[in-house]
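Peer 1: Fold the following, please.
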Amino acid sequence: MFYALYSDKIPVLDDEGNETLETTEGFLNPVEFQASLSSGTSNADESPFGANISYDRVISTVDTSLSIDEHSIIWYKNEPVYKEDGTVDDASADYKVAAVPLDGLNSLRIAIKKK
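Peer 2: You can find the predicted model right below:
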C-alpha cells in the first residue's frame, strides 16, 4: 500500500523545474508501507474510533513509525498517479483516513473510508 500526507506548503516549480517563492496545497509524494487490511465495516457499538466515525476498513500494522494522520489518503488496489506538473493526483487514491490513528503499545490501527 501507499499513503500520502496533506501539506499546504508544497513548493511551486517554474517551467524549468526550479522552485519559486510560491507554495500550494496538496499531497506529498506517496510512501510505500506494509500492513494488514480488514475486510469488515464499522459498527458503532464496537468502534474503538468513536460512535460518530464511519469507516469501511481498518489498517493494522506493527510499524508505529508511520506518520499517517487524519488528512492522509491511501492507495490499496490502485497505484499512485502523478499529474503533468509532477504532483500526486489525489483522485487516484482508494481511501481516505476516517479517524485519527490509534497507537497501541506495539501496533497502529487506522480507520479508512472508501473515496
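Peer 1: After the lowest-mean-pLDDT helix or strand in the chain, heading C-terminal, what element do we hit next?
Peer 2: One helix or strand of the chain scores below all others by mean pLDDT, DSSP states H and E: strand 102-103, with a mean of 82. Sequence order places strand 108-114 as the next helix or strand after strand 102-103, per DSSP states H and E.
Peer 1: Which pLDDT value belongs to the residue of the chain most remote from its centre?
Peer 2: What lies farthest from the middle of the chain is Glu16; by Cα atoms, centre = their mean that is 29.7 Å. Here the pLDDT value assigned to Glu16 is 88.
Peer 1: Now it: which helix or strand?
Peer 2: Per DSSP H and E: nothing holds Glu16, as it lies in no helix or strand.
Peer 1: Tell me how far it lies from Lys115.
Peer 2: 34 Å (Cβ to Cβ, to the nearest Å). The C-beta positions use only the backbone N, C-alpha and C, and glycine is treated the same way.
Peer 1: Equivalent analysis for Tyr95, please.
Peer 2: 6 Å.
Peer 1: list the residues that contact both of the two?
Peer 2: Ile73 (Cβ atoms under 8 Å, 6 or more residues apart in numbering).
Peer 1: Point out where this structure drops to low pLDDT.
Peer 2: Filtered on pLDDT under 70, the chain yields the residue ranges 40-51.
Peer 1: what are the ranges of the helices in this protein?
Peer 2: Using DSSP state H, the chain contains no helices.
Peer 1: Within its sheet, name the partner strands of the least confident helix or strand of the chain and how each one runs.
Peer 2: Strand 102-103 pairs in its sheet with strand 108-114 (antiparallel), by DSSP bridges.
Peer 1: Can I get the partner strand in CSV, CA atoms only?
Peer 2: Written as CSV, here are the backbone C-alpha positions of strand 108-114 (Å, rounded to 0.1, in the frame of the first residue of the first chain):
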residue,chain,number,x,y,z
LEU,A,108,-1.1,1.1,14.9
ARG,A,109,-4.8,0.9,13.8
ILE,A,110,-6.2,3.3,11.2
ALA,A,111,-9.8,3.6,10.2
ILE,A,112,-10.2,4.3,6.5
LYS,A,113,-13.2,5.2,4.3
LYS,A,114,-13.6,4.5,0.5
